[in-house]
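Undergrad: With the sequence up front, the predicted model follows.
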Amino acid sequence: MASRTLRRSLALAGAALLLSTSVVFADDISNALDADIDAIAEVMPLNVGGPIGTTDLYLQPRNGDGKNGCNIQGGQALVLSVASSDLAVATVTPGSVTFESCGDTPVLTIAPLSAGSTTISVSQTSNTTSGTFNLAPATFVVTVAPPPNTAPTVSIKGVTGGASYEIGADLPAVCSVEDAEDGDSTFAATLSAISGPLAAFGLGERTASCSYTDGGGLTASASVTFGIVDTGDPTIVLQSRTPAANADGWNNTDVTLVWSCSDTGSGVASATVAETVSTEGADRSATGTCEDNAGNTASDTQAGISIDKTAPSISDDGPAGDLGLNGWYVSPVVNTFTASDGLSGVAGTNPVSPSTGSAEGVGITVNSGPFSDLAGNTTAGIDSVAFNIDLSDPTDVAFSSLLSGSFIFGSVPPAPTCTATDAVSGLAGCVVTGYSTLVGTHTLIATASDNAGRTATATATYTVLPWTLSGFYSPVDIGGILNVVRGGATVPLKFEVFAGPTEMTSVSSIASFTTAAIDCGIQTGADEIEIASTGGTSLRYDTTAGQFIQNWQTPKTPGLCYRATMTTLDGSSLTAYFRTR
């Protein structure tokens, strides 16, 4: 009968407590039988005739009623009446308690009278504060065992009230019972469902409860509430980077990175596990992020992503070569091209200098060829500016008339002209040099020039023969003989001139007649002139004698020596030596 009464009292107490907790109050009034303020009515086991039981009442602020802190302020008070539901089982004193501050802890004393159970509860008598109070946590059940039975004690081991434990941890919550009659024992505590806004992810509060009824019918219970938390960060791992960089560390397209995200605790809540880098530049980075349901985060940053999508640009640095005339090059042209790339840089040889090689003509170009950068972008080659190139000299250089062999002075043909051809830049002209009518051997040079300034030559050789001179005739001796003549006498210088077989008869064929004083010692022989003429000293041609006559009047001063020279137009000459006496 006592057992049924106890169970009914516990059920009623629990129902009353659950009903009372459905309303939200500002502050809680709780007993101190255990460390928690919860919906489970604590049990105080006593024995008939045994020691009295005591417990404190205390106030727990809850920051409700629109205010923070304790509802009891200076000069305010909360008065509660205290009652036992069955005075035959146990009584409680005092019958009224007053809270004048949040720190008040009035003591309740319970006296056991007979076997059974009774519920100790409080009710509000007066309240001078502006707040409300939850009185249900103050309720507890008193079980009174018969005098021969010692009430058991129950404690919970393995978890601590108010502590936090990592999700997934093995929590050995154990009920530890001490009972004088039944002996000590342990068994697993009952764990409540996890509660709180993150309960669906295994995070929140959990209560471990224990209840034990001994063989004498006395029951003891205990409970502790603890937290389940997730303090571990999620794990993020790079799965792929596509496409891979080339050997020089560059990409020429967008690069996509993909991560995987996992969490062994509360699970992944959100993640950025794919990111594409599309902006050009060196050493760019991308970051993947992961957050679990507890708010823990992890991230992974991948640096060293270099993207170059732009091909190199090419500049024409211009030509180099031997420049002739009129803008024509007379050698192969080497044209330099330089590539530039503002990101990865130009790969391979830069600059390049292709040559026109053996090409010639109008509008010749060379191509730079393609340039690539280190990222693999390629620019097609560009053509240089156009060149006019002539690598060939004029050809077919020829004289207009063939001038070769020997010609008598005065009978040399006119100077020839010349002709030539040029198939590239065109013939600019042809000039003949070296022509002469003077006695001697001459070489004609025909020089042909094209519009590029290239030249070619042809040569021809001919000889101009001198006239044939005869004389001086008697009475003058030649051949180094010193002719002796009386000073002041006139000496006839007689001679003939032949142009080949033709005898010259005009005095215009004679270029000059000169005399000059000389050193008499240079001559070794002497010949006395036997005949000296008289008359004028002018040059004339004697048609009767068929010869030229130049009468020379010698100086009157005796003992002097002279040289007399007659020179014809072709440069030939006759010379005689004289001494006056």
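TA: Now that the structure is in, tell me what you want to look at.

Undergrad: Tell me, how many residues neighbour Pro332?
TA: By the criterion of other CB atoms under 10 Å, Pro332 has 18 neighbours. Using the backbone N, CA and C atoms, a C-beta is placed for each residue, glycine as well.

Undergrad: for it, helix, strand, or coil?
TA: coil (DSSP: H, G, I helix; E, B strand; the rest coil).

Undergrad: Contacts only, for it.
TA: 321, 355-359, 389, 391 (CB atoms under 8 Å, 6 or more residues apart in numbering).

Undergrad: Angles on the backbone of it, please.
TA: With angles defined as degrees, to the nearest 10, Pro332 sits at phi -60, psi 140.

Undergrad: from what I can see Gln571 touches Ser436, true?
TA: For the record, residue 571 is Gly, not Gln. No - in this structure, Gly571 is not within contact of Ser436 by CB atoms under 8 Å, at 11.8 Å.

Undergrad: Thr129 reaches Leu78, doesn't it?
TA: Yes - counting by CB under 8 Å, Thr129 does reach Leu78; the two are 6.3 Å apart.

Undergrad: Near Gly405, how many other residues are there?
TA: For Gly405, using other CB under 10 Å, the count is 9.

Undergrad: Give me the distance between it and Thr443.
TA: Gly405 sits 13 Å away from Thr443 when distances are taken as CB to CB, to the nearest Å.

Undergrad: next one: Asn149
TA: Separation of Asn149 from Thr443 (CB to CB) stands at 157 Å.

Undergrad: Mean confidence (pLDDT) on the helix or strand containing Thr338, please.
TA: Assigning secondary structure by DSSP states H and E places Thr338 in strand 334-340. In this model, strand 334-340 has an average pLDDT of 97.

Undergrad: Now tell me what touches it from outside.
TA: Contact with strand 334-340 is made by 312-321, 346, 350-356, 366, 368, 371, 379, 381-382, 384-385, 387, as judged by CB under 8 Å, 6+ apart.

Undergrad: State the number of residues packed around Phe337.
TA: Counted with other CB under 10 Å, residues neighbouring Phe337 total 23.

Undergrad: one step back: identify the contacts common to Thr129 and Leu78.
TA: What both Thr129 and Leu78 touch, as defined by CB under 8 Å, 6+ apart, is the set 71-72.

Undergrad: isn't Gly327 right up against Ile389?
TA: No - with contact defined as CB under 8 Å, Gly327 does not reach Ile389; the gap is 10.4 Å.

Undergrad: These two: which has the busier surroundings?
TA: Counted by other CB under 10 Å, Gly327 and Ile389 do not tie: Ile389 has more neighbours, with 27 against 11.

Undergrad: Please report how far that one lies from Asn367.
TA: Ile389 is 16 Å from Asn367, by CB to CB.

Undergrad: Return the helix or strand in this protein with minimum mean pLDDT.
TA: One helix or strand of the chain scores below all others by mean pLDDT, DSSP states H and E: helix 2-20, with a mean of 39.

Undergrad: so what's Glu272 up against?
TA: Just so we're on the same page, residue 272 is Thr rather than Glu. Going by CB under 8 Å, 6+ apart, Thr272 touches 287-290.

Undergrad: where's the residue nearest in space to the middle of the chain, which helix or strand?
TA: Nearest residue to the geometric centre of the chain (CA atoms, centre = their mean): Leu343, 3.2 Å. Assessed by DSSP H and E, Leu343 sits outside every helix and strand.

Undergrad: isn't it right next to Asp283, touching?
TA: No - Leu343 is beyond contact range of Asp283, at 11.2 Å (criterion: CB under 8 Å).

Undergrad: who touches both of those two?
TA: Ser306.

Undergrad: number of nearby residues for Gly295?
TA: Neighbour count of Gly295, defined by other CB under 10 Å: 11.

Undergrad: what secondary structure does it sit in?
TA: coil.

Undergrad: which residue sits closest to it, ignoring its sequence neighbours?
TA: Spatial nearest neighbour of Gly295, chain neighbours left out: Ala269 (8.0 Å); criterion: CB to CB, 6 or more residues apart in numbering.

Undergrad: Could you pull up the residues touching the nearest residue to Gly363 once chain neighbours are set aside?
TA: Leaving aside its chain neighbours, Gly363 sits nearest to Ala386 (4.3 Å; criterion: CB to CB, 6+ apart). Contact analysis of Ala386 by CB under 8 Å, 6+ apart lists 362-365.

Undergrad: Now do Ala386 against Trp328, distance only.
TA: Ala386 is 12 Å from Trp328, by CB to CB.

Undergrad: what's in contact with stretch 419-432?
TA: With contacts defined as CB under 8 Å, 6+ apart, stretch 419-432 is touched by 325-326, 328, 360-361, 388-392, 394-400, 415-418, 444-452, 454, 456.

Undergrad: Off-centre distance for stretch 458-468?
TA: The chain centroid and the centroid of stretch 458-468 are separated by 78 Å under CA atoms, centre = their mean, to the nearest Å.

Undergrad: buried residues in that stretch?
TA: Buried residues in stretch 458-468, counted by 16 or more other CB atoms under 10 Å: 458, 460, 462, 464-468.

Undergrad: What is the most widely separated pair among those?
TA: Ala458 and Thr468 (33.1 Å; CB to CB).

Undergrad: Can you get me a residue count around Ser81?
TA: Neighbours of Ser81 (other CB under 10 Å): 14.

Undergrad: Over to Thr349?
TA: Neighbours around Thr349, by other CB under 10 Å: 10.

Undergrad: same thing with Pro61?
TA: Per other CB under 10 Å, the neighbour tally for Pro61 reads 16.

Undergrad: tell me which residues form a beta bridge with it?
TA: Legend: beta-bridge partners of Pro61 under DSSP bridges are Asp27.

Undergrad: which ones are touching it?
TA: Counting by CB under 8 Å, 6+ apart, Pro61 makes contact with 26-27, 69-71, 102.

Undergrad: Any idea how far apart the tips of stretch 473-484 sit?
TA: One end of stretch 473-484 to the other measures 15 Å (CA to CA, to the nearest Å).

Undergrad: so how far is it off the chain centroid?
TA: On CA atoms, centre = their mean, the centre of stretch 473-484 falls 104 Å from the chain's centre.

Undergrad: and if you look at stretch 373-380?
TA: Taking CA atoms, centre = their mean, one finds stretch 373-380 lying 13 Å from the centre of the chain it belongs to.

Undergrad: now swap in stretch 68-80 and tell me
TA: Remark: stretch 68-80 is offset 72 Å from the chain centroid, using CA atoms, centre = their mean.

Undergrad: Return the distance of Val144 relative to Pro152.
TA: Where Pro152 is concerned, Val144 sits at a distance of 14 Å (CB to CB).

Undergrad: Which of the two has more residues huddled nearby?
TA: Legend: neighbour count by other CB under 10 Å for Val144 and Pro152, higher for Val144 (30 against 25).

Undergrad: Could you confirm that one falls within a strand?
TA: Yes - using three-state DSSP, the assignment for Val144 is a strand.

Undergrad: contacting residues around it?
TA: Val144 touches 46-48, 89-90, 112-118, counting by CB under 8 Å, 6+ apart.
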